[in-house]
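**Student:** what's the 3D shape of this:
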Amino acid sequence: MLRKLYDWVFNLAGSRHAPKALVAVSFAESSFFPIPPDVMLAPMVLARPEKAYVYAGLCTLASVLGGLLGYAIGVWLEPVGYAILAFFGHPEGPAEFQKWFAEWGAWIILVKGLTPIPYKLVTITAGVAHFDLATFIWTSTLTRGARFFLSATLLKYFGPHIRAEVERRLGLYSLLFFVLLIGVVFVVKYLG
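**Tutor:** Next up, the predicted model:
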């Protein structure tokens, strides 16, 4: 089953509809959707390395625009924002978020935007805290662009070797990914 899913995603990544799907996932992930765009970006770059930077640019633009939706959810739909944040393990109220952004400001966006921590947590909390919108936009663009362009560059130049290795040991890498994911969730929920 895992092999079929991998092959399906990889084939979709090479299809003519892949860029639209990538934009949709990148936009949605920044505000409410749980799946990161990397799931689409990696196989797309592996399938068409000559388009690596186009795909990274699409990811960046859609992610920042989706981040603005997340910010708006935090500002104008606080109950919805709190529900999304609670779902992802952050039930703290607006006073706590305002404290985070007053103390750390742009660093929260710059650091968390590069990590596998769900970016929607950053965008919604920035809105709840009424963080400066201009700073939010430029830090989001910088951090999301760095993440996606770095991933695209690594995959473009080292992708064929990575792809052969992943295909040879798909089960092992899937297990390692899930262990890492559980570790990240634990850190975010209990130590974050």
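**Student:** Next one: Lys112 from Ala47, what distance?
**Tutor:** Lys112 sits 29 Å away from Ala47, going by CB to CB, to the nearest Å. All C-beta atoms are positioned from the backbone trio N, CA, C, and that covers glycine.
**Student:** and if you look at Asp38?
**Tutor:** Asp38 sits 15 Å away from Ala47, going by CB to CB.
**Student:** what's the answer for Ala152, then?
**Tutor:** Taking CB to CB as the measure, Ala152 falls 13 Å from Ala47.
**Student:** do the same with Val80
**Tutor:** 36 Å.
**Student:** When the two are compared, which one has more neighbours?
**Tutor:** Neighbours were counted for Val80 and for Ala47 using other CB atoms under 10 Å; Ala47 has more, 19 against 13.
**Student:** Please, where are all the strands along the protein?
**Tutor:** Applying DSSP state E to the chain gives no strands.
**Student:** List the residue ranges of it that fall below the pLDDT cut-off.
**Tutor:** 1-12, 84-85, 88-98, 111, 113-117, 160, 162-192 (pLDDT under 70).
**Student:** Tell me where it has helices.
**Tutor:** Listed in chain order, the helices of the chain (DSSP state H) span 2-13, 18-29, 38-47, 52-76, 78-87, 94-104, 106-112, 119-128, 133-168, 170-186.
**Student:** Out of these, which one sits most buried?
**Tutor:** Highest mean neighbour count among the helices of the chain (mean count of other CB atoms under 10 Å): helix 119-128, with a mean of 27.
**Student:** Can you report how many residues lie near the residue nearest to Arg48 when sequence neighbours are not counted?
**Tutor:** Excluding the flanking residues, the one nearest Arg48 by CB to CB, 6 or more residues apart in numbering is Gly14, at 6.4 Å. As a burial measure, Gly14 scores 12 neighbours (other CB under 10 Å).
**Student:** how about Gly14, what does it touch?
**Tutor:** Residues near Gly14 by CB atoms under 8 Å, 6 or more residues apart in numbering: 43-44, 47-48.
**Student:** go on, Val75?
**Tutor:** Residues counted as contacts of Val75 (CB under 8 Å, 6+ apart) are 127-128, 130.
**Student:** do Leu22 as well
**Tutor:** 37, 40-41, 44, 55, 58-59, 62.
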